[in-house]
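Participant: Here is the input, now give the coordinates:
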Amino acid sequence: MTREIGAERVERMWRAGEAFTLVDTRPEESFEAWHMPGAVNFTFGKEESLDGERAAEFDREVDGDRPIVTVCAKGISSHNFADELATAGYEDVAVIDGGMEAWSAVYDVVPIAFDSVEVVQIQRRAKGCLGYLVCDPGTREAAVVDATRHTEEFRGAAREREYEITAVLDTHVHADHVSGGRDLASELDVPYYLGERARERGLEYEYTPLERNEVLPIGDVDLKALSTPGHTSEMVNYLVGDTALLSADTLFVDGTGRTELEFSEDAGEAGARMQHGSIHRTLLAEPDSITVLPGHVTVTSEGEFEGGRPGEAIRATVGGLRTGLEVLDLDEEAFVERSLETLPEKPPNYERVIDVNRGKETVEDEEATELELGPNNCSA
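Facilitator: Predicted coordinates for the structure are as follows:
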């Protein structure tokens, strides 16, 4: 029987510098849209055989002299391919258990120490989603911001550091992934917070609204809710004391958030105008020394991070972005034009994901996995 390995194991193999060939058996279109770093595409069906012609094709196109790891969407066709390789005499072959679905649930936990607060950045490797623990080392209290649906990643990060989660917050109604915020708050029996304008999105569940500039204490650490509409109408960013800014999908380390997913009736123009004001009148009004911690990092179709490396903190400073990010030099009209001209493809299934996050639809874990497959595509 072919050896199965977890997606986390592949990540550790990369970090250890192990040499192997990663073969993705999905159709070319799926591969080109989103794949693991360093993978090569060799399309292979779940009932296909590695006969003479296909075996010769594999020998021409793929380096089979190193250990081979196969992957597909769920681990079905890649398992068949691994079995065929083993039958053909390849001795060191493994298949990623769960395929790209499993890869979509791999996380890195990155602590970031400041003088009076600890922030833990929780990176969802394949999608580039960045969630946070905001922790008071004195009282051992913590808040979770923008949890994904894999809530144990956040609970485990807090437990490992001996923090008690006393609040769960979302910055907005996400469009690229199913939020775990409500579930996590329910699991822990703690309040769940959104910005006050979230009620205008037609949410079908209870939450605690945070007013503009309202301060939520987490132990002796203050979280201040900044109203930053643009990516969505109800978007809030959170200022962590006088140290850090959780900028969500408003401001990234290499760009700004797209604005048309909610404001589709005018292709995002209204949102882009709001975004420009939120950035220049609110975020860039903060001191240059404030550390900016975004809600996403762009993951390329080759599976690589833009603007950082997995396992290392994705961050910038207000001053660094003010002087180094070209799009922030644009006036409102030019910013709007630029925002609408540089839009990537919409996140997969974004309308249904939004409905799930508004509480209008419920999905089981397996279906949520299907909805989320693919990159986040949240930047403009």
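
Participant: When you work out contacts or count neighbours from here on, use the C-alpha atoms and nothing else.
Facilitator: Noted.

Participant: Glu187 is in what secondary structure piece?
Facilitator: helix 181-188 (DSSP states H and E).

Participant: Can you tell me which helices and strands that helix packs against?
Facilitator: Packing contacts for helix 181-188, counted by 3 or more C-alpha pairs under 8 Å, 6 or more residues apart in numbering; DSSP states H and E, involve strand 164-169, strand 192-195.

Participant: Could you identify which of those strands is most buried?
Facilitator: strand 192-195 (a mean of 24; mean count of other C-alpha atoms under 10 Å).

Participant: got the contact list for that one?
Facilitator: 167-172, 181-182, 185, 207-212, 225, 227, 234-236 (C-alpha atoms under 8 Å, 6 or more residues apart in numbering).

Participant: how about 7 Å then?
Facilitator: Identification of contacts with strand 192-195 by C-alpha atoms under 7 Å, 6 or more residues apart in numbering yields 167-172, 182, 185, 207-211, 234-236.

Participant: among those, who's most crowded?
Facilitator: In terms of neighbour count, Val236 stands highest of these at 33 neighbours, by other C-alpha atoms under 10 Å.

Participant: returning to that earlier point: output the helices and strands packed on helix 181-188 as a markdown table; include the columns mean pLDDT.
Facilitator: Formatted as a markdown table, these follow (pLDDT from 0 to 100):
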| stretch | mean pLDDT |
| --- | --- |
| strand 164-169 | 98 |
| strand 192-195 | 98 |
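
Participant: and of those, who's closest to Thr291?
Facilitator: Closest to Thr291 of the helices and strands packed on helix 181-188, according to C-alpha to C-alpha: strand 164-169, at 19.4 Å.

Participant: still on that earlier bit, now distance to Glu8 too, for the helices and strands packed on helix 181-188, in a markdown table please.
Facilitator: Shown next, in a markdown table, are the helices and strands packed on helix 181-188 (distance: least, C-alpha to C-alpha, whole Å):
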| stretch | distance to Glu8 |
| --- | --- |
| strand 164-169 | 26 |
| strand 192-195 | 30 |
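
Participant: Ok, which of those comes nearest Thr256?
Facilitator: The nearest among the helices and strands packed on helix 181-188, by C-alpha to C-alpha, is strand 192-195 at 19.9 Å.

Participant: Can you tell me the strand partners of the next helix or strand along the chain from the closest one and which way each runs?
Facilitator: Downstream of strand 192-195, the next assigned helix or strand under DSSP H and E is strand 208-210. Take DSSP bridges as the rule and strand 208-210 pairs in its sheet with strand 192-195 (parallel).

Participant: can I get the CA coordinates of the strand it pairs with in PDB?
Facilitator: Extracted as PDB, the C-alpha positions of strand 192-195 are listed here (Å, rounded to 0.1, in the frame of the first residue of the first chain):
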ATOM      1  CA  TYR A 192     -18.400  37.900  19.900                       C
ATOM      2  CA  TYR A 193     -17.800  41.400  18.500                       C
ATOM      3  CA  LEU A 194     -18.300  43.200  15.200                       C
ATOM      4  CA  GLY A 195     -18.400  46.900  14.200                       C
END
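
Participant: Let me know the pLDDT of Asn377.
Facilitator: Looking at Asn377, its pLDDT is 68.

Participant: Same question for Tyr207.
Facilitator: 97.

Participant: For it, give me its contacts.
Facilitator: Neighbour list for Tyr207: Tyr192, Tyr193, Leu194 [criterion: C-alpha under 7 Å, 6+ apart].

Participant: distance of Leu188 from Arg258?
Facilitator: Separation of Leu188 from Arg258 (C-alpha to C-alpha, to the nearest Å): 33 Å.

Participant: Give me the more crowded residue out of these two.
Facilitator: Ranked by neighbour count (other C-alpha under 10 Å), Leu188 and Arg258 place Arg258 first, with 27 against 14.
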